[in-house]
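Engineer: Got a predicted structure plus its sequence, pasted below:
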Amino acid sequence: MKKALLYLFAFLFIQFFAAWAVYAIWIVSSGGSIGDIALALNGKGESAITASMIITGSAVCSVITVVLFLWRKWAVVSPAWLKKGNWDVLFWSAIISLGTLLPSVWLQDVLPELPDAMGDTFKMIMHNPFGYLMICLFAPLVEELVFRGAILKSLLKVFKNHWVAILISAAFFALVHGNPAQMPHAFLIGLLLGWMYYRSGSILPGVTLHWVNNTAAYVTYMLFPAAADMKLIEVYNGDYLRLTLSLVISVCILLICIYQLNRRLRR
């Protein structure tokens, strides 16, 4: 358990301090002062954090995290799993993410409304040409490397019941998002990603699911930006029958994919 907490702390430390180091350098190089950095930290002043700064900071944090975790061998990346020809697993890992999207949005609608602390930031990033890199490439790779490849791997050595380890890693995964509105979805997806890692011993199925999930959300937002502030039933123009049928189809896709992955993923 100590190792899992060490990995979590290292990840959070890098995410905060490395990112703010980038913001500080950016502000100073643009003619700002130390006072401007302090104002930016509080979201005030002319040197407010921009999408370009966030994406650059994310890229730097991603590189540092990957290098550190691989250098210290906290997580191990090997082509051995792919050499076994597990391409069908990657296919079902991609499809299953599509089955989680609609139920996830519906769940967010029916749960008590939670504050969306990152809503404006995400919209700002989405409108940046390089926003896709941060949301759909950096995040899936780094988060799977840390939360499954390092944290869950260490927890599985501590707890005899693998579901206890998966639950803890999923809780960590939800909490570090730092956004209450995202936490229920992150926790449930974390359970699925944890199970996939436990069964496969590789982060690649999880990276695939994570990448497709984030990409689908990104594309949906870019095509229908107004839908981001709407309830799901409003997207369906109040037609509960169509909404119910869509949810049933999504759940069927989800269950079929779980069945297929259960057959193909072997410890």
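Structural biologist: Alright, I've got the coordinates. Values in this document were obtained by computation on a predicted structure and should not be read as measured data.
Engineer: just for the chain, where's the confidence low?
Structural biologist: Along the chain, the model assigns pLDDT under 70 to residues 32-47, 112-119, 227-228, 267.
Engineer: Recalculate using a threshold of 50.
Structural biologist: Counting by pLDDT under 50, the ranges of the chain that qualify are 45-46.
Engineer: what's the neighbour count on A4?
Structural biologist: Other residues near A4 come to 22 when the count uses other Cβ atoms under 10 Å. Quick note: C-beta positions are derived from backbone N, CA and C, even for glycine.
Engineer: Was I right to think it contacts L156?
Structural biologist: No - A4 is beyond contact range of L156, at 9.9 Å (criterion: Cβ atoms under 8 Å).
Engineer: so what's S200 up against?
Structural biologist: W81, N86, V89, L265 (Cβ atoms under 8 Å, 6 or more residues apart in numbering).
Engineer: Now rank the residues you listed by neighbours and give me the top one.
Structural biologist: Highest count within the contacts of S200 by other Cβ under 10 Å belongs to V89, 25 neighbours.
Engineer: What ranges does the stretch 101-250 of the chain have for its strands?
Structural biologist: In the stretch 101-250 of the chain, no strands are defined using DSSP state E, counting those that start in this stretch.
Engineer: And the helices in it, which stretches?
Structural biologist: Under the criterion DSSP state H, counting those that start in this stretch, the stretch 101-250 of the chain contains helices at 119-126, 131-132, 139-143, 153-158, 162-175, 183-200, 204-223, 232-235, 240-264.
Engineer: would you turn those helices into CSV with distance to A18?
Structural biologist: Output for these, formatted as CSV (distance: least, Cβ to Cβ, whole Å):
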stretch, distance to A18
helix 119-126, 18
helix 131-132, 19
helix 139-143, 12
helix 153-158, 23
helix 162-175, 19
helix 183-200, 22
helix 204-223, 21
helix 232-235, 37
helix 240-264, 35
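Engineer: Would you mark the buried spots in stretch 97-116?
Structural biologist: For stretch 97-116, the neighbour count (16 or more other Cβ atoms under 10 Å) marks S97, L98, G99, T100, L101, L102, P103, S104, V105, W106, Q108, D116 as buried.
Engineer: I'd guessed the second one sits against V212; true?
Structural biologist: Right, the one you point to is L98. Yes - using Cβ under 8 Å, L98 is in contact with V212, at 6.9 Å.
Engineer: circling back: among the buried residues of stretch 97-116, which one sits closest to S250?
Structural biologist: L102 (4.2 Å; Cβ to Cβ).
Engineer: distance of T65 from A48?
Structural biologist: 25 Å (Cβ to Cβ, to the nearest Å).
Engineer: and if you look at G31?
Structural biologist: 15 Å.
Engineer: Give me the more crowded residue out of these two.
Structural biologist: Set side by side, G31 and A48 show more neighbours around A48, with 13 against 8, by other Cβ under 10 Å.
Engineer: Report the secondary structure state of that one.
Structural biologist: coil (DSSP: H, G, I helix; E, B strand; the rest coil).
Engineer: How about residues contacting stretch 148-160?
Structural biologist: Contacts for stretch 148-160 (Cβ under 8 Å, 6+ apart): 1, 3-4, 7-8, 69, 74-77, 162, 164-166, 168-169, 172, 193-194, 197-198, 203, 206.
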